[in-house]
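Asker: Quick one: sequence plus predicted model below, questions after.
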Amino acid sequence: MSRRRTVSTKKKLALLVGAGLVAGGGAFAMAATSNAAQTAADSTVCQGLATALGNNQKFIADQRAAPDAQSAARIANRDAVVAQIKVQQEASGCMVGESAQDSQITQPVTEPVPGAESSSPAQTAPPAAPDAPADPGVPGDGQQVCDGSTVTLSGEGGAPAASSNQFPAGTTLRVTNLDNNKSTTVEVTSVSGSCALLNNAAFEQVREPGKFLIRRALIEKVG
């Protein structure tokens, strides 16, 4: 006659509690990992917005320190960009108004003013804009984005590039100035408060002389 081993009520209870603790521990670990990833993502966005805000605030301060005939227009454009970045900070859960100065910020080039001394640092002439569009592609054949957005410059130096609050780093955008039909294709390298904020080199490729804002812009995602 066979005997069946029976498990006491206390042992059953201990087994059930142990299984519950194992399952609960796994759920806690998964939640902790998810929260850590989300925190890292939020930190990257907030840092990018803080850097963009610092860049624009420094640009405004530099213009006020060494004003020229176009400084008022430049400052007005940047004030609008600063306000937009703060709205984006609030929407992203970041500290509104937090800024960080980028160590690679350079003094943006300015338009020469007739009669001014050529030795003045604030009157350095910008490089000549190309006569032909810098982009070999055909404007209009990409995915149009940010309809109705204006485009201005960030005041940052370096190779032609853009920053954006809608597209991640590595995205390729083509920006066309519909007032002169000049285009530039650039890669998004950082976060800003605009759909497409061009650095100095990229803006020079599509700008109209004496203007620091593109009101009629076609922005396309091409990569």
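Answerer: Structure received. As the structure is a computational prediction, the values presented were derived from the model and not from experiment. Numbers count the residues shown, from 1 in each chain.
Asker: which strands and helices sit next to the top strand by length along the chain?
Answerer: Longest strand of the chain, by residue count under DSSP state E: strand 182-191. Secondary-structure packing of strand 182-191 (3 or more Cβ pairs under 8 Å, 6 or more residues apart in numbering; DSSP states H and E): helix 9-65, strand 162-164, strand 172-177. For glycine as for every other residue, the C-beta is placed from the backbone atoms N, C-alpha and C.
Asker: neighbouring strands for the second one, and are they parallel or not?
Answerer: Paired with strand 162-164 in the same sheet, following DSSP bridges, are strand 182-191 (parallel), strand 197-198 (antiparallel).
Asker: Give the buried residues for it.
Answerer: 162-164 (16 or more other Cβ atoms under 10 Å).
Asker: Can you tell me which of the strands paired with strand 162-164 is most buried?
Answerer: strand 197-198 (a mean of 28; mean count of other Cβ atoms under 10 Å).
Asker: Need the residues that contact that strand.
Answerer: Applying Cβ atoms under 8 Å, 6 or more residues apart in numbering, the contact partners of strand 197-198 are 52, 81, 151-154, 160-164, 175, 184, 186, 206.
Asker: So which of those is the closest to R64?
Answerer: Using Cβ to Cβ, V81 comes nearest to R64 of these, at 15.7 Å.
Asker: okay if I get the strands paired with strand 162-164 as TSV plus distance to R64?
Answerer: Shown next, in TSV, are these (distance: least, Cβ to Cβ, whole Å):
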stretch	distance to R64
strand 182-191	24
strand 197-198	21
